[in-house]
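K.L.:
my questions concern the predicted model and sequence given below.
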Amino acid sequence: MRDIVVKRSTYLDSVTLMRVSKEASELDGIAGVIVAMATDTNLLMIKEAGFDVESLGELTPSDLVIAIEAQNNEALARAHDFIRAETEARFKSHGEAELRPASLDTALASFPEINMVLISVPGQFAANEAYKALRNRRHVMIFSDNVSEEDEKNLKALAQSRRLLLMGPDCGTAIINNLGLGFANKVPRGEIGIVAASGTGAQEVSSILARLGLGISQLIGTGGRDLSGQIGGITTRMALEALIEDSSTKVIVLISKLPDEKVASDILNLLGGTKKPVIIYFAGHLESKTQANLTFTPTLTETALEAARAATGKSFKSAISLSKQDEKKVMQLRQGQPSSRKYLRGLFTGGTLAQEALFILGSTIGPISTNTHITDFPALEDPTQSIEHTIVDLGDDAFTRGRAHPMIDQTYRLRRLARELSDATVSVILLDVVLGYGCNDDPAGEIVQTIKATIARDKLGEGDAMVIASICGTHGDPQNYLAQKEKLTSCGVIVAQTNALAAKLAQRAIVGNKNA
Amino acid sequence: MHEIAKLFESRLNIANVGSEIFARSLEFQGAQVVQVDWKIPCGGKDELISILTKLRTRETRVATKGQTLQDLIDEANSRALEIVNASHPTVVGIGRALDVIPGMETNLILHAGPPVDWENMCGPMKGAVMGALIYEGMASDEKEAASLAASGKIRFEPCHHHSAVGPMAGIISPSMPVWIVENKHSGNKAYCTLNEGLGKVLRYGAYSDEVIKKLKWMEEVLAPVLGEAIQIHGDIDLRTLIAQALQMGDEGHNRNKAGTSLLIRELAPAIALVKADERTKSEVLNFMHSNDHFFLNLTMPAGKSSLDPISDLRHCSLVTAMARNGTEFGIRVSGLGDRWFTAPAPRVKGLYFPGFSDEDANPDIGDSTICETYGIGGFAMAGAPAIVEFVGGKPSDAIAFTLSMYEITVGESSIYRIPLLGFRGTPTGIDIIKVVEKGIVPAINTGIAHKDAGIGQIGAGLVEPPLKCFEDAFKAFYTRLTKEMNL
């Protein structure tokens, strides 16, 4: 039996809801539970799970929907009790006079020492909170996406006039004074300063550097739209100026998608005015070149290598390269696959990693459909359905509205992974596994569990799809790089050193097939 | 030094608004994190959220660059709070309503709350009007009084329109004696009747002979004795009395034991010197002594006289009056002048005297919510834990009530303080923007009137004002602001 009810005007954090849904699903006599805010994406998911969403009448994103599939009435009642207790326990704790200010203004008034406000509420509410922080002269990081361009522009103008740092909106990663904010890896303190419009791009570069033993002075996120003509690079400019001035920063790295032409020339002018070496990754800018102190790189991996060289004077190229052994294994697996297996499926949690893979693969394996908004590649009409070669960014707005980011909650990716594994036309599945603070506790473990379960269910074996992954993380991360790698390799996943190398391995596999 | 350079050299202290995962991982890294208990603003209503965002991001375009509408409002609000805090309510005497209340006329009856006509008045208010007409000698009985009230020969206006306030039905008729409270800082005055005590009383709609007899005694005996005593004593500083009462377990609205005792202590030596016989003077003292709420009719005009000076400040989003007529709840907002924003009066949640229940209760009534508007009453509950028993609460609930009121006020009282909160000033200056954003309405302590005229008080408890009044005022405030700023 399926039961669906709504609790109006109730807000609970998507991570809390994820936990409650999961725990309630594990109760006796319960087949499945979805507790979620009534956003379009969530409603679609609930509908797809077979619940009568229409019966609830008009819904707004501030309504909480509880959908339960139970074997009998008793189990249903138990699940409701459980969910009530779990969601109301939160409200009860509000009543106690504990150290939990009821609003940001109260927090800022009560704790004058606060100098940074981290905002991850649903996008339409983020601007209002950011505004309060800026008015009260605090620096801000807006993790939330779905903030309007108009709000971003107004907020950045305000931040600029008060000389405050406004990272985001849609800023996934920052490391300030060696503290990771949002999704960030445990990296040593060092001399390389990073300004990044992309969270996973920054994570990839800082993690590779950390694995090479090099550290970060500051990692400042700007939000994906900062270098657009509309926003004009306000945050990037302020961040770069700060790193140019900062005496602990010896090398500067700038990571962004291809910027607006005028904004780019402003920024490059600014960077030309410093003597510090600057390594620039503009996604899609595929040629390597060096002009005075500026070096342009085509991949995140090379960005990290160039930064390492600028910081130490040594080349690290031999430390990070395609492993012959992996290459051999990939070719072997490929040869075992029937010719009907042709396609690549990339399931990414990091948008910039998805894009990097696309740029590396380019047109070498034929057209790749994607939802990453890169015009050179055919756009997926429905990102939930793969077409031939497909690379999807599961962290895109369409997937994250009203749910936790896939770097926290892999539920959808795992379902999709199982589907791609069972697809008889798939040759290679390409994954990113992102570690760090704020991320899923055991992403590799969950992936392995799904792979094993799918293999058992579909009796998969030799000649079926291969999985190639890279791990964006460090040995100091709470999930531990080596432990995660061990889990993946133990069930046959080929783990490349970096995302760029994983993409190249995938390319070899697919192209190798064509040659055969 | 550049702000960002300063950040690089400081220890990072973070406020986390949103996912607790980030707070936990920051704590794991050894950082100081304050987790904010965030809720969806404006109840998730798009129109209100959009106004809120515009207030906070739109520039005024007229003044300093970078100044937002909210900056402008904040300036006005802090000026207003200064004015309220500087106010100095003082009893300067007792007079006859017709002689002292501005605009009072022989055929005018003042009532509590926003405007209401005879047909729409609730039972207790109708009863009180009839009682007042009998008391004034304009009608000889209930029937005559009712037809006179309905005839159109009698005009009805809110007390608030005449610098006055009245508890419950809040009826003031021309012959009634009233306290004259002067705000020594701004020079304006406010008026309120003398409290009749408990049981069958006019303010709860009773109009029997004994009610009228008592009103006459108050006019002919009580008022002259007190008036002369005040002359002998000199002005009574209400600010000091209220401040002391709040530190003695009163909150100034639903509990006035301490305030009443302090007033008696203040006046007793002077009463002893009044030219009247001993028995009369004893009766006066005993009348005050037997009525724990005698002081309420002074905290109310103290509030009114302190808030009137901010009743029409440009760009100020503070509430200047909350009042109920038993049919509707209404508020006024400084930047919107004398406009009322109303919604149906809510029910009071509370404890009933034996023999009464929810079904007997009249919807919320009276001007006494001026106390909360002024930063006492429900807002000072942390200092009056005995009050929460009305709703079966614990002392910790009283503290929680006061703490939550800091969320919707612009500041704190510089005079009224709460010992239990480290002598923190009471939350003062209700800001409609904060009320609407947070969906937290003012906490109000109040008495419950029987719905039928003449039965009187049947309980006491807490009442939640309708959010709609605040939302409507918020929209009107924004419309007016953008018009004034030519946006």
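P.N.:
Great, that's in hand.

K.L.:
list, one by one, the residues from the stretch 251-400 of chain B near chain A.
P.N.:
Residues of the stretch 251-400 of chain B lying near chain A by C-beta under 8 Å from any C-beta of the partner chain: B:396, B:397, B:399, B:400. For glycine as for every other residue, the C-beta is placed from the backbone atoms N, C-alpha and C.

K.L.:
quick one: which of those sit in helices?
P.N.:
Members of those lying in helices (criterion: DSSP state H): B:396, B:397, B:399, B:400.

K.L.:
and the furthest pair within the residues of the stretch 251-400 of chain B next to chain A?
P.N.:
Greatest spacing in these, by C-beta to C-beta: B:397 and B:399 (7.3 Å).

K.L.:
by mean pLDDT, which helix or strand of chain A comes out lowest?
P.N.:
helix A:73-95 (a mean of 73; mean pLDDT, DSSP states H and E).

K.L.:
same for the helix or strand harbouring residue B:305, what does it pack against?
P.N.:
Using DSSP states H and E, the element containing residue B:305 is helix B:296-307. In terms of contacts (3 or more C-beta pairs under 8 Å, 6 or more residues apart in numbering or on different chains; DSSP states H and E), helix B:296-307 is packed against strand B:89-96, strand B:177-183, strand B:189-193, helix B:238-246, helix B:257-273, helix B:370-373.

K.L.:
of those, which is nearest residue A:26?
P.N.:
Here helix B:370-373 is closest among these (C-beta to C-beta), at 47.6 Å.

K.L.:
so which elements touch the closest one?
P.N.:
Counting by 3+ C-beta pairs under 8 Å, 6+ apart, helix B:370-373 packs on helix B:296-307, strand B:319-325.

K.L.:
in the stretch 151-300 of chain B, which residue sits closest to chain A?
P.N.:
In the stretch 151-300 of chain B, the residue that lies nearest chain A is residue B:251 (18.2 Å; C-beta to the nearest C-beta).

K.L.:
how about the helices and strands packed on helix B:370-373 in a markdown table, adding mean pLDDT and mean neighbour count?
P.N.:
Below are the helices and strands packed on helix B:370-373 laid out as a markdown table (pLDDT from 0 to 100; neighbours: other C-beta atoms under 10 Å in any protein chain shown):
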| stretch | mean pLDDT | mean neighbour count |
| --- | --- | --- |
| helix B:296-307 | 98 | 29 |
| strand B:319-325 | 98 | 28 |
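
K.L.:
dump these to TSV, plus distance to residue B:31.
P.N.:
Below are the helices and strands packed on helix B:370-373 laid out as TSV (distance: least, C-beta to C-beta, whole Å):
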stretch	distance to residue B:31
helix B:296-307	44
strand B:319-325	39
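
K.L.:
looking at these, which is nearest to residue A:439?
P.N.:
Between the helices and strands packed on helix B:370-373, strand B:319-325 lies closest to residue A:439; by C-beta to C-beta that is 46.2 Å.

K.L.:
partner strands of that closest one, parallel or antiparallel?
P.N.:
strand B:328-333 (antiparallel), strand B:365-366 (antiparallel) (DSSP bridges).

K.L.:
render the CA-only coordinates of it in CSV, please.
P.N.:
The C-alpha coordinates for strand B:319-325 follow below in CSV (Å, rounded to 0.1, in the frame of the first residue of the first chain):
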residue,chain,number,x,y,z
VAL,B,319,4.5,49.1,15.2
THR,B,320,3.1,52.0,17.1
ALA,B,321,-0.2,50.4,18.2
MET,B,322,-1.7,46.9,18.5
ALA,B,323,-5.3,46.9,19.7
ARG,B,324,-8.4,44.8,19.5
ASN,B,325,-12.1,45.7,19.7
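
K.L.:
what's next to that strand, contact-wise?
P.N.:
The set of residues external to strand B:319-325 that reach it, using C-beta atoms under 8 Å, 6 or more residues apart in numbering or on different chains, is B:111-116, B:121-122, B:125, B:158, B:160, B:165, B:307-308, B:310-311, B:329-334, B:345, B:363-367, B:369-370, B:372-373, B:430-432, B:442, B:444, B:465.

K.L.:
repeat that with 7 Å
P.N.:
With contacts defined as C-beta atoms under 7 Å, 6 or more residues apart in numbering or on different chains, strand B:319-325 is touched by B:111-114, B:116, B:125, B:160, B:307, B:310-311, B:330-334, B:345, B:364-367, B:369-370, B:372-373, B:430, B:432, B:442, B:465.

K.L.:
which residues does residue 256 contact?
P.N.:
Using chain A. Counted by C-beta under 7 Å, 6+ apart, residue A:256 has contacts A:197, A:198, A:227, A:282.

K.L.:
not quite, I wanted chain B
P.N.:
So residue B:256 contacts B:250, B:292, B:293, B:295, B:296 (C-beta under 7 Å, 6+ apart).

K.L.:
name the member of those residues with the most neighbours.
P.N.:
Highest neighbour count within the contacts of residue B:256, by other C-beta atoms under 10 Å in any protein chain shown: residue B:250, with 30 neighbours.

K.L.:
thinking that residue is in contact with residue B:259, fair?
P.N.:
Yes: taking contacts as C-beta atoms under 7 Å, residue B:250 lies within contact range of residue B:259: 5.3 Å.

K.L.:
mind checking the SS state of the closest residue to chain A within the stretch 301-450 of chain B?
P.N.:
Here the residue of the stretch 301-450 of chain B nearest chain A is residue B:407; by C-beta to the nearest C-beta that distance is 5.4 Å. For residue B:407, the secondary structure call by DSSP: H, G, I helix; E, B strand; the rest coil comes out as coil.

K.L.:
ok, it touching residue A:107?
P.N.:
No: the criterion here is C-beta under 7 Å, and residue B:407 misses it with residue A:107 at 11.1 Å.

K.L.:
so where's the chain shaky on pLDDT?
P.N.:
Since you didn't name a chain, this refers to chain A. A:88-99, A:513-516 (pLDDT under 70).

K.L.:
hmm, no, I was thinking of chain B.
P.N.:
Along chain B, segments meeting pLDDT under 70 span B:1, B:60-66, B:391-392.

K.L.:
got the domain ranges for it?
P.N.:
As assigned by automatic domain parsing, chain B contains the domains B:2-36, B:74-84+B:309-484, B:89-301.

K.L.:
gap between the two ends of the first one?
P.N.:
If I follow you right, that is domain B:2-36. For domain B:2-36, the separation between the terminal residues is 28 Å (C-alpha to C-alpha, to the nearest Å).

K.L.:
now do residue A:1 against chain B, distance only.
P.N.:
30 Å (C-beta to the nearest C-beta, to the nearest Å).

K.L.:
quickly note the distance from that residue to residue A:20.
P.N.:
20 Å (C-beta to C-beta, to the nearest Å).

K.L.:
and the residue of the stretch 101-250 of chain A closest to chain B?
P.N.:
Counting by C-beta to the nearest C-beta, the stretch 101-250 of chain A gets nearest chain B through residue A:120, at 3.1 Å.

K.L.:
so that residue sits right up against residue A:141, yeah?
P.N.:
No: in this structure residue A:120 lies outside contact range of residue A:141 using C-beta under 7 Å: 9.0 Å.

K.L.:
if you compare the strands paired with strand B:319-325, which one is most tucked away?
P.N.:
Of all the strands paired with strand B:319-325, strand B:365-366 carries the top mean neighbour count, a mean of 32, counting by mean count of other C-beta atoms under 10 Å in any protein chain shown.

K.L.:
so which residue is dead centre in chain B?
P.N.:
The centroid of chain B falls nearest to residue B:370 when counting by C-alpha atoms, centre = their mean (1.5 Å).

K.L.:
so for that one, what's the nearest residue that isn't a sequence neighbour?
P.N.:
Excluding its sequence neighbours, the residue lying closest to residue B:370 (C-beta to C-beta, 6 or more residues apart in numbering or on different chains) is residue B:303, at 4.2 Å.
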